[in-house]
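**Student:** Whatever this is, show me its structure:
(chains A and B, ligands or ions: 2)
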Amino acid sequence: MKKRPMPEVHIEGFKEMSINGKTLEYLSPKSVFLPTNFPSELSVLVKPGVRVLMGQKIMIKEGRFGYPILSPISGTVKETIRKWHPSNKMIPMIEIENDFKEELVDTFKNLNPEKMTKDDLVNVMKDSGLLGMGGAGFPTYAKYETDKPVDQVIINLAECEPFITCDYTYVLNYPNELIFGLKYMIKASNAKSGVIALKNKEINNKLIDILMPLLENNMSLFLLNDVYPAGWERYVIEKVTGKSYGVLPIEAGVIVNNATTAITFGRLLKEGLVPSCKYMTVTGDAMSECGNVLMKFGTSVHELLDLFNNVKEDVDKEKTLMICGGPMTGNAMFSGDFVTTPTLGSVIALRQEQYIGRRYPHCLGCGTCAKHCPVNLSPYQIRRTLRSGDVDELIALGITKCIQCGQCSYVCPSHVELTSDMLIARDLVRKMKR
Amino acid sequence: MEKYLVIKGPYLRSADITKRNTSTIMRDVLIALLPSIAFAIYKNVVLVLINGIYSSIYHAIYPIITLILAPLTSLICEAISLWVMKKRGIKTFKDLVEELKVSYGIFPGLFIVLISPTYIPLWVLLVSVAVGEVVGKMLFGGFGQNIFNPALVGRAFMAFTFSSHLGDAYLTSYELTIDAYSAATPLTSYAKAGAASIDIVNNYGGMFNLLIGNYPGALGETSTIAILIGAIYLIIKDVIDWRIPVVYLGTMFFITMIIGFIMGQGLWFPLFQILTGGVAFGAVFMATEPVTSPKTHLGRIMYALLLGELTVLFRLVGNMPEGVATSIVTMNIVGLMINKYVTKLRVEDKLTKKNCYGLVIFLVFFVLLFVYDVVMGVK
Ligand code: SF4
Ligand code: SF4
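**Tutor:** Ligands and ions are numbered 1, 2, ... in the order given. Presented below is the predicted three-dimensional model:
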């Protein structure tokens, strides 16, 4: 049986708001905050009161796929305090007070990538704690430490969620670094070629014009359809290579990295700049101004919002969403006082007055959600089954395959909260099967 | 500390961006019904008035009265049930009004009047509407929760409880004066006739007239042309899946064609079968009702195939003029099973021995029913 082609839905982008806005740099925050138990408990290497350099190891994530967490600034370590994290939890964080000297550790100074071997490059990725910055936060070196043959390195520049333009902005401002990073990613994996995949839409023409002349012989651009979820790894790989795979992309002979990750790697090799900053998009109809800002990991979001004159005066905050991440997969935050992380791409403030207190119809059983689910689930059916709590039935309906993309809720004409029910169902199944 | 709104994502909805939501879908269904309603008024009211054969003005405009009262009754029943059951956080009168806006209470009533004999006594019609609305819809939990098509529940109730009122209620006062229509609708004529003969079609003004719909029948069901216009609109607007009507009509046509050939009849026979007795209306408006039909392409095709066979079975073998309604109500239940199976099948990566059992059962059942239809349908 031939597999159904993946459903493709165009979603209104709303990207012009931030592209036409300001592009700022904010690399000297008063303090940065580094979570000590995210994604799991970390071992802390520094004591309060000591001075640390930019790029010095602050914490280590132990175990398989472990990695160090480096200080994004130079300064003094303070007491651990609790702060809001993008996961919408208050968690303990180490505060580092900036001394504004930007003093770098020696480790990565004067790297000579030309002379480095594949293993050297992978070690640099490992020692610098380079993470996938598209959202997953998976350590990059882990993808390269493989004995399977790699055919292609794909740079994912799809940025498929609406509103977000942080990858776009970083590439626009640092195109050479992107190519440089890709070049050495190809080297680090012994791949034959590199592909930069981006969406075929008007705003990207500018990027295409800039990147085209910079491409080296073994590099090319690939245009994806302007659909959601075009940035989903599986989708990108299927489109670029025509191959599907079981669990890991390496089975199809490819490694996929996010564009910001590649630039960060390029800057590390070229300038010795440790992974410490990225662009973040600040946008939404409740913001006074929109745009992108180059910021250090761990900066307080309210400092960044102030750069855009904060949320509009006339906005009723209780009727406004402060979304951390994209509108499809992000979280609405209680407060605008959380801290940024390497995987955070955007903060979006959206007015909701017109939606509050609206009454929506029941599911009418149109099947639209099932038609558009990228992994072929039938969300309405899972939702009905969830009410009976039948775990085996939920598994038979494939709930464990759900990628929480938000597509089902997005397309539903009845505003049914499918995606959150999918999450509840998935968690229920995980709990019961343990 | 400032507090922002916290709700579950995703925070964008196509229903808000594109302005296409469940209410506009239901509005489209209403628009698609307009040609049929207009034709019904033309045939049953305008023509009667033009010909001047009517006992009283009330009798002449009776179809319009039913077209207004039936939807109204079902809306009122909906409101009362919602108020009594206090579902979905209805506390104040304002909540009730808001809820009525998204529960689409007029539809069961409107559909019932369109598929009922035109001159059915008012109380019979309204009781059936109330039963369809309350038993078929509200007791299941309201819009979107029902297993059976509410309109067909009401119609089936009418057929079984008040059958004595139905027979002669189809003809307008003008049609009553036409000798050729002696035996009411084409379908009842066929049921009464000893053997199949093209005379039946000729009695009703020929094939073209059957297509146009100027012959005795249920209020909204006679004009296949008007229904087709609605169907095209619904398909363009992506409200219904073309697979259901096309496969359903195709299956019926194919089986009755074979039966016709065996009886030595020409192509008129299958055409007669799909042009009369509300097949087109059932195919376009009833079988495709989203709540009660399968949600996937494969499921819909399986559903429509069986539906076609069942209609032939009830009609030609069971001699029931309400064959369409009965078969759709039956398929509402079978469709649940089909949908459940197909839903699980599409999660699987490939078809294996383990997961194709449903397809095998379906095929066996399909073939058996097909053979049975053909053998028993021959008169
Ligand atoms: S959130 Fe899950 S169920 Fe919904 S469309 Fe995405 S993958 Fe499918
Ligand atoms: S899209 Fe919404 S209304 Fe349609 S079946 Fe899915 S949940 Fe129901």
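**Student:** Quick one: neighbours of the residue nearest to A:T340 when sequence neighbours are not counted, just the number.
**Tutor:** Counting by CB to CB, 6 or more residues apart in numbering or on different chains, A:T340 lies nearest to A:T299, which is 5.1 Å off, once chain neighbours are set aside. (Each C-beta comes from the backbone N, C-alpha and C, glycine too.) Residue neighbour count, defined by other CB atoms under 10 Å in any protein chain shown, stands at 26 for A:T299.
**Student:** Next, the contact list for A:T299, please.
**Tutor:** Contact analysis of A:T299 by CB atoms under 8 Å, 6 or more residues apart in numbering or on different chains lists A:26, A:29, A:32, A:339-340.
**Student:** From B:N332, how far off is B:A151?
**Tutor:** 12 Å (CB to CB, to the nearest Å).
**Student:** more crowded one of the two?
**Tutor:** Set B:A151 next to B:N332 and count neighbours by other CB under 10 Å: B:A151 wins out with 31 against 22.
**Student:** Let me know whether the more buried one touches B:I115 as I believe.
**Tutor:** Yes: with contact defined as CB atoms under 8 Å, B:A151 and B:I115 form a contacting pair (6.9 Å).
**Student:** Touching both of these two, which residues are there?
**Tutor:** Residues touching both B:A151 and B:I115 (CB under 8 Å, 6+ apart) are B:M286.
**Student:** Tell me the confidence at A:P35?
**Tutor:** Confidence at A:P35, expressed as pLDDT, is 93.
**Student:** Please work out how many residues are found near it.
**Tutor:** The number of residues packed near A:P35 is 21, by other CB under 10 Å.
**Student:** list the contacts for it?
**Tutor:** Contacts of A:P35 by CB under 8 Å, 6+ apart are A:85, A:91-93, A:339, A:341.
**Student:** on that earlier part again, from the contacts of A:T299, which land in strands?
**Tutor:** A:26, A:32 (DSSP state E).
**Student:** And the contacts of A:T299, which two are furthest apart?
**Tutor:** Using CB to CB, the contacts of A:T299 span at most 13.7 Å, a distance reached by A:Y26 and A:V339.
**Student:** more neighbours, the two?
**Tutor:** Between A:Y26 and A:V339, counted using other CB under 10 Å, the more crowded position is A:V339 (25 against 16).
**Student:** A:H85 is in contact with that one, correct?
**Tutor:** Yes: applying CB under 8 Å as the test, A:V339 and A:H85 come out as touching, 6.7 Å apart.
**Student:** right, and B:G323 touches B:F314 too?
**Tutor:** Yes: in this structure, B:G323 is within contact of B:F314 by CB under 8 Å, at 3.6 Å.
**Student:** Which residues are in contact with whichever residue of the stretch 51-200 of chain B sits closest to chain A?
**Tutor:** Of all residues in the stretch 51-200 of chain B, B:G144 sits closest to chain A, at 3.4 Å by CB to the nearest CB. The contact partners of B:G144, by CB under 8 Å, 6+ apart, come to A:361-365, A:414, B:291.
**Student:** Contact partners for the closest residue to chain B within the stretch 151-300 of chain A?
**Tutor:** Taking CB to the nearest CB as the measure, the point where the stretch 151-300 of chain A comes nearest chain B is A:P162, at 6.1 Å. Residues in contact with A:P162, defined by CB under 8 Å, 6+ apart, are A:11-15, A:228, A:326-328, B:12.
**Student:** got these as JSON lines, with distance to ligand 2, neighbour count and secondary structure columns?
**Tutor:** Shown next, in JSON lines, are those (distance: CB to the nearest ligand atom, whole Å; neighbours: other CB atoms under 10 Å in any protein chain shown; DSSP: H, G, I helix; E, B strand; the rest coil):
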{"residue": "A:I11", "distance to ligand 2": "15", "neighbour count": "23", "secondary structure": "coil"}
{"residue": "A:E12", "distance to ligand 2": "18", "neighbour count": "12", "secondary structure": "coil"}
{"residue": "A:G13", "distance to ligand 2": "22", "neighbour count": "21", "secondary structure": "coil"}
{"residue": "A:F14", "distance to ligand 2": "22", "neighbour count": "21", "secondary structure": "coil"}
{"residue": "A:K15", "distance to ligand 2": "26", "neighbour count": "22", "secondary structure": "coil"}
{"residue": "A:Y228", "distance to ligand 2": "16", "neighbour count": "29", "secondary structure": "strand"}
{"residue": "A:G326", "distance to ligand 2": "21", "neighbour count": "25", "secondary structure": "coil"}
{"residue": "A:P327", "distance to ligand 2": "18", "neighbour count": "25", "secondary structure": "coil"}
{"residue": "A:M328", "distance to ligand 2": "16", "neighbour count": "25", "secondary structure": "coil"}
{"residue": "B:L12", "distance to ligand 2": "15", "neighbour count": "23", "secondary structure": "coil"}
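**Student:** tell me which parts of the stretch 301-434 of chain A are close to ligand 1?
**Tutor:** Residues of the stretch 301-434 of chain A found near ligand 1, taking CB under 6 Å from any ligand atom as the criterion, are A:373-375, A:377, A:379, A:402-408, A:418-419, A:422.
**Student:** Recalculate using a threshold of 8 Å.
**Tutor:** Proximity of the stretch 301-434 of chain A to ligand 1, by CB under 8 Å from any ligand atom, involves residues A:369, A:372-377, A:379, A:382, A:399, A:401-409, A:418-419, A:422.
**Student:** Pull the contacting residues for residue 99.
**Tutor:** Just going to use chain A. Taking CB under 8 Å, 6+ apart, we find A:D99 in contact with A:51, A:73-76.
**Student:** looking at chain B here, not the other one
**Tutor:** Counted by CB under 8 Å, 6+ apart, B:E99 has contacts A:359, B:82, B:88, B:90.
**Student:** again, 6 Å this time
**Tutor:** Shown in contact with B:E99 (CB atoms under 6 Å, 6 or more residues apart in numbering or on different chains): B:82, B:90.
**Student:** hang on, the earlier thing: look up how far ligand 1 lies from the residue of the stretch 51-200 of chain B closest to chain A.
**Tutor:** 19 Å (CB to the nearest ligand atom, to the nearest Å).
**Student:** Helix, strand, or coil at that residue?
**Tutor:** Following DSSP: H, G, I helix; E, B strand; the rest coil, we place B:G144 in the coil state.
**Student:** Setting aside sequence neighbours, what's the nearest residue to it?
**Tutor:** Closest residue to B:G144 apart from its sequence neighbours, by CB to CB, 6+ apart: A:H362 at 3.4 Å.
**Student:** go on, A:A142?
**Tutor:** A:F65 (4.9 Å).
**Student:** can I assume the one you found sits in a strand?
**Tutor:** No: membership of A:F65 in a strand is not supported by three-state DSSP, which gives coil.
**Student:** what about it, neighbour count?
**Tutor:** Residues lying near A:F65 (other CB under 10 Å) number 10.
**Student:** which ones are touching A:V195?
**Tutor:** By CB under 6 Å, 6+ apart, A:V195 lies in contact with A:152, A:154, A:220, A:222, A:240.
**Student:** my guess is A:G291 contacts A:K22, does it?
**Tutor:** Yes: using CB atoms under 6 Å, A:G291 is in contact with A:K22, at 3.6 Å.
**Student:** More neighbours: those two, which one.
**Tutor:** A:G291 (22 against 14).
**Student:** Tell me where the model's unsure across the stretch 51-200 of chain B.
**Tutor:** Scanning the stretch 51-200 of chain B with the threshold set as pLDDT under 70 gives B:167-168, B:172-174, B:176-184, B:194-195.
**Student:** got the residues of it near ligand 2?
**Tutor:** Counting by CB under 8 Å from any ligand atom, the stretch 51-200 of chain B sits next to ligand 2 at B:G144.
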